[in-house]
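>>> Structure, please.
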Amino acid sequence: MKVLIIGGTGLISSAITRTCLERGVDVTLYNRGQSPVRFNAGATILTGDRYNYPAFIQQIASLGSFDCVIDMLTFTPDHAQSAVEAFQGRTGQYIFCSTVDVYSKPASRYPLREIEPRKGNNEYGRNKILCEDIFAAAHQQGKLSVTTIRPAMSYGEGKGIVDFSGWSTRIFDRLLKGKPILVHGDGSALWVACLADLSGHRRYGYRDRAG
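Numbers count the residues shown, from 1 in each chain. Reported below is the predicted structural model:
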């Protein structure tokens with residue numbers, strides 16, 4: 001199986017790359033080559049600028065076809081349009097990494113369902129909605145077979161402490177100074193933290209239900 005990952009060295013995509021390699025998948029990464037690699041050798045790394053659209057489309061055309069493309073670096077409608085142009089007819093399945101930020105907050109119910117309204121409370125979420133719509137249209141038109149995933153706030157190796165206010169150690173600073181811990185709203189809001197690498201459950205001594 002041939003898989004192309006757009007990115008491949010970030011928090012989530014490093015875990016995806018590692019898992020694919022462990023399963024014997026033929027993996028190619030397309031990225032700028034500026035981030036450290038956090039997985040064993042085995043992936044082919046193609047260096048390029050994802051956001052230089054003509055060069056990106058030309059490079060992708062030179063690679064032939066893939067069974068699956070996993071896109072971790074599309075954030076705006078222009079990115080999505082270039083991806084449709086680059087990969088139309090070149091992959092059996094296209095996986096687009098969106099975000100839970102596409103959903104309205106506060107949620108109308110828990111757990112969230114895919115049919116929940118998508119309004120987005122920030123520019124990041126609203127842009128991802130536009131990207132989703134472009135990929136959905138391409139899927140309906142038969143240009144790409146698209147699957148959209150929507151991760152929550154992710155953590156794991158290569159990133160700092162999980163803190164609702166951002167990637168910082170602020171929460172420990174407050175604990176050491178005896179200050180109250182800040183919470184969302186009135187304290188009843190739900191905030192989901194997602195471990196990027198399932199193998200981390202075993203590596204750090206945790207077990208999932210199947211383990």
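
>>> where's I60 relative to D78, distance?
16 Å (Cβ to Cβ, to the nearest Å). Heads up, the C-betas are built off the backbone N, CA and C, glycines and all.

>>> in this protein, which spans are helices?
11-22, 53-62, 77-87, 123-140, 170-176, 199-203 (DSSP state H).

>>> the more surrounded of I60 and D78?
Neighbour count, other Cβ atoms under 10 Å: between I60 and D78, I60 has more, with 23 against 15.

>>> got the contact list for the closest residue to that one other than its chain neighbours?
Leaving aside its sequence neighbours, I60 sits nearest to A86 (Cβ to Cβ, 6 or more residues apart in numbering; 4.3 Å). A86 sits next to F56, I57, I60, A61 when contact means Cβ atoms under 8 Å, 6 or more residues apart in numbering.

>>> can you tell me which of the helices of the chain the model trusts least?
With a mean of 48, helix 199-203 has the lowest mean pLDDT of these.

>>> would CSV of the helices of the chain with distance to D101 be doable?
Converted to CSV, the helices of the chain look like this (distance: least, Cβ to Cβ, whole Å):
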stretch, distance to D101
helix 11-22, 15
helix 53-62, 25
helix 77-87, 16
helix 123-140, 3
helix 170-176, 21
helix 199-203, 23
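
>>> Which one of those helices lies nearest to G42?
helix 11-22 (4.6 Å; Cβ to Cβ).
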